[in-house]
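> Need a 3D model of the following:
(chains A and B)
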Amino acid sequence: MFGLIGHLTSLEHAQNVAQQLGYPEYHEQGLDFWCAAPPQIVDDITVTSITGETIHGKYVESCFLPEMLTQRRIKAAVRKILNAMAHAQKANIDITALGGFSSIIFENFNLEKNRQVRNVELDFRRFTTGNTHTAYIICRQVELATQQLGLDLSQATVAVCGATGDIGSGVCRWLNAKTPVQDLLLVARNQERLENLKQELGRGKIFSMENALTEADIIVWVASLPKGVEINPEKMKRPCLIIDGGYPKNFDTRIQEPEISVLQGGIVEHALDIEWTIMEMVNMDAPNRQLFACFAESMLLEFEKWYTNFSWGRNQITVAKMEQIGEVSQKHGFEPLLLAEERVSAHQA
Amino acid sequence: MQDVATPTLDYTSETYKDAYSRINAIVIEGEQEAQNNYLDLIKLLPDSKDELTRLSKMEARHKKGFQACGKNLNVTPDMEFGKAFFAELDQNFQNALAEGKVVTCLLIQSLIIECFAISAYNIYIPVADPFAKKITEGVVKDEYTHLNYGEEWLKVNFDSVKEELEQANRENLPLVWKMLNQVTEDAKVLGMEKDALVEDFMIAYGEALGNIGFSTREIMRMSAYGLRES
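The predicted model follows:
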């Protein structure tokens, strides 16, 4: 059985979802309540592969909210993730993806040393960040959406915002090794990590975010911030393709500029309907088929019975592992989300 | 990498000892209540006499352990405070006992008091002084390893006891939040945060309700009952 540990995008969102699901005890509550709320398994999921195989999973709501980070309720944030992991393990879930901020909190606050959660000793092999699949899907989105728009990667400058992160560095490795991309702009806060990445790649230019956004033909956004950054499209190149793989999404997909196309990054579409209710709550366009690639990774590991923490630790994503997960992603019927037809024709008009 | 800061506590300071005198008292009183309640339950469940006696003795051992924790820090527990703290919950237990309401008695003792204790101990262990840490770890191990008598009894009889459990939950859970509010400040001095205590209680209580047979939806409703008004 696979599992997904997820959370909602804001306090307001959480209150609305609680109301929709009919939990009055939860929907009228403020942040203090969510800081004290326990994890719950709130959905049973059934997924069928195009190979015909069917698997079952559970959705664990951690009750984490991004406001816990912005309002420095760090201890609560940490407890949410550890408790959700213990809850998943107690429910005998074989492989669970840490969605949204869960893996970021795990990494940033060094939770690997908090193995003991009450009477549960966490077995980290049962968890995956899902980042390898996310990085793979984002790279495929770059390749395929570029084709959709009739752009040429060999003449394109690609800016990766959040380049030194787990997903960002994986994306850089792939773009460097497997695509003819002309220029790679590396954007991140930590200069030392940027230098290391540049050295590892043997190429790339270190850029500030502001400059990168005006120079790039393709922007890959993979930085995750507790609060979205407002980005002004005015100074961007025309045409420009933005793959927004950040969490939460920073770019409005409804940008009306004809030559700027925004694609939700790190999202996959499954060939068959998935039986679940929780995705309706995260505002996907096609909730029965679209989902975060990190969640899909735990499904893939379940389909293949690879019960191991496929994605774990920081900056471990190799091109070989991305290829490996990419192969099974296709085999079971997951495709990268691409630009809608009307978007493509608007762009080309 | 960032680490989550753990506060440095001076176990010998007057502030710490003052707060400890009340927290230690409620822990001792809680174990005393448990010891008495299990013996009282024999009146309603005579067939379980041996098991209930065993549980009562175990709680008595725990009480002695916590008394030693107070002594070790040269703290005299404020037992008057401890008794007053449990008075309402104890009264509800006694009323149910007098009316022969075994389900309500089990909810108060086996679910509420047990979960309240185990969650408080879980949150206390990382911030306890070395002596108390060892004692509390032993107690928690005991609590987890012994088959929860009440939980099992209620599980077997789930269909016939469900309604009374929901009613008893409505009557008694708000008391837990009230009790918690009374000691929020003292617990904080000991390095224990209210939201962590509430969360651990809801986890333990929710697990128990789940084992008995309640659905996730029912658990979410029941375990958060009355929290908003508290």
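> Point out the residues in the stretch 1-150 of chain A that sit beside chain B.
A:22-23, A:25-26, A:28-29, A:32-33, A:35-42, A:73-76, A:78-79, A:83, A:87, A:108-110, A:118-119 (CB under 8 Å from any CB of the partner chain). Backbone N, C-alpha and C define where each C-beta goes, glycine included.
> Low-confidence bits of chain B, can you list those?
For chain B, the stretches with pLDDT under 70 are B:1-7, B:146-147, B:229-230.
> Going along the chain, name the helices of it.
Using DSSP state H, the helices found in chain B span residues B:14-41, B:49-72, B:79-98, B:102-106, B:114-124, B:130-145, B:149-156, B:158-182, B:184-189, B:194-212, B:216-223.
> now, which of the residues of the stretch 1-150 of chain A next to chain B lie within helices?
A:25-26, A:32-33, A:35-36, A:74-76, A:78-79, A:83, A:87, A:108.
> Greatest separation within the residues you listed: which pair is it?
Greatest spatial distance among these (CB to CB): A:25 and A:108, at 31.2 Å.
> Of the helices of chain B, which is nearest residue A:178?
helix B:216-223 (44.0 Å).
> mind listing what's buried in the closest one?
Buried residues in helix B:216-223, counted by 16 or more other CB atoms under 10 Å in any protein chain shown: B:218, B:219, B:220, B:221, B:222, B:223.
> could you redo those as a markdown table and give each row distance to residue B:76?
Output for the buried residues of helix B:216-223, formatted as a markdown table (distance: CB to CB, whole Å):
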| residue | distance to residue B:76 |
| --- | --- |
| B:218 | 43 |
| B:219 | 40 |
| B:220 | 41 |
| B:221 | 42 |
| B:222 | 38 |
| B:223 | 35 |
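> Which two of these have the greatest separation?
That would be B:218 and B:223, which, of those, are the farthest apart (CB to CB) at 9.3 Å.
> Mind listing the shared neighbours of the two?
residue B:209 (CB atoms under 8 Å, 6 or more residues apart in numbering or on different chains).
> where does the stretch 151-300 of chain A dip in pLDDT?
Within the stretch 151-300 of chain A, the ranges that satisfy pLDDT under 70 run A:226-230, A:248-250, A:252-256, A:283.
> Going along the chain, name the strands of it.
Along the stretch 151-300 of chain A, counting by DSSP state E, counting those that start in this stretch, strands occupy A:157-161, A:183-187, A:205-206, A:218-221, A:240-244, A:260-264, A:267-270, A:290-292.
> Relative to the third one, what are the paired strands and their orientations?
Paired neighbours of strand A:205-206 in the sheet (DSSP bridges): strand A:183-187 (parallel).
> The last one now?
For strand A:290-292, the paired strands and their directions (DSSP bridges) read strand A:267-270 (antiparallel).
> would you turn the strands of the stretch 151-300 of chain A into CSV with distance to residue B:140 and mean neighbour count?
Below are the strands of the stretch 151-300 of chain A laid out as CSV (distance: least, CB to CB, whole Å; neighbours: other CB atoms under 10 Å in any protein chain shown):
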stretch, distance to residue B:140, mean neighbour count
strand A:157-161, 46, 26
strand A:183-187, 48, 23
strand A:205-206, 51, 15
strand A:218-221, 46, 27
strand A:240-244, 46, 26
strand A:260-264, 45, 22
strand A:267-270, 43, 22
strand A:290-292, 37, 23
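> Quick one: closest of these to residue A:114.
Short answer: strand A:290-292, nearest of the strands of the stretch 151-300 of chain A by CB to CB, at 24.7 Å.
> Give me the contact list for the closest one.
Applying CB under 8 Å, 6+ apart, the contact partners of strand A:290-292 are A:99-100, A:130, A:134, A:266-270, A:274, A:279, A:284, A:337.
> how far out from the middle of the chain is that strand?
On the basis of CA atoms, centre = their mean, to the nearest Å, strand A:290-292 sits 9 Å off its chain's mean C-alpha point.
> what do you get for stretch B:197-206?
Counting by CA atoms, centre = their mean, stretch B:197-206 comes out at 11 Å from the chain centroid.
> before we move on, the earlier item: which of the ones in helices among the residues of the stretch 1-150 of chain A next to chain B count as buried?
Restricting those to buried positions leaves A:25-26, A:33, A:35-36, A:74-76, A:78-79, A:83, A:87, A:108, with burial counted as 16+ other CB under 10 Å.
> just the residues you listed now: which is nearest residue B:86?
For those, the nearest to residue B:86 is residue A:36 (22.1 Å; CB to CB).
> Now do the contacts for that closest one.
Contacts of residue A:36 (CB under 8 Å, 6+ apart): A:76, B:194, B:195, B:196, B:198, B:199, B:202, B:227.
> if we go to 10 Å?
When contacts are counted by CB atoms under 10 Å, 6 or more residues apart in numbering or on different chains, residue A:36 touches A:29, A:63, A:76, A:79, B:193-202, B:224, B:227.
> Which is the succeeding secondary structure element to the helix or strand harbouring residue A:56?
Per DSSP states H and E, residue A:56 falls inside strand A:54-61. Heading C-terminal from strand A:54-61, the first helix or strand you meet, by DSSP H and E, is helix A:67-70.
> Other residues contacting that next one?
For helix A:67-70, the surrounding residues in contact (CB under 10 Å, 6+ apart) are A:7, A:10-12, A:14, A:30-31, A:34-35, A:73-80, A:101, A:104-105, A:108, A:225-227.
> now that helix: mean pLDDT?
Averaged across helix A:67-70, pLDDT comes to 94.
> Just the buried positions in it, please.
By 16+ other CB under 10 Å, the buried positions in helix A:67-70 come out as A:67, A:68, A:69.
> I'd like the distance from that helix to the chain centre, please.
From the chain centre to the centre of helix A:67-70 is a distance of 19 Å (CA atoms, centre = their mean).
> Then stretch B:173-184?
For stretch B:173-184 - counting by CA atoms, centre = their mean - the centre lies 11 Å from the chain centre.
> And stretch A:111-126, by the same measure?
The gap between where stretch A:111-126 is centred and where its chain is centred comes out at 23 Å by CA atoms, centre = their mean.
> Stretch A:258-266 too?
Relative to the centre of its chain, stretch A:258-266 is centred 16 Å away, using CA atoms, centre = their mean.
> ok, residues contacting stretch A:10-28?
When contacts are defined by CB under 10 Å, 6+ apart, stretch A:10-28 is touched by residues A:7-9, A:29-31, A:33-34, A:37, A:40, A:42, A:61, A:63-68, A:70-71, A:226-227, A:248, A:277-278, A:280-283, B:217, B:220-228.
> All set now, cheers.
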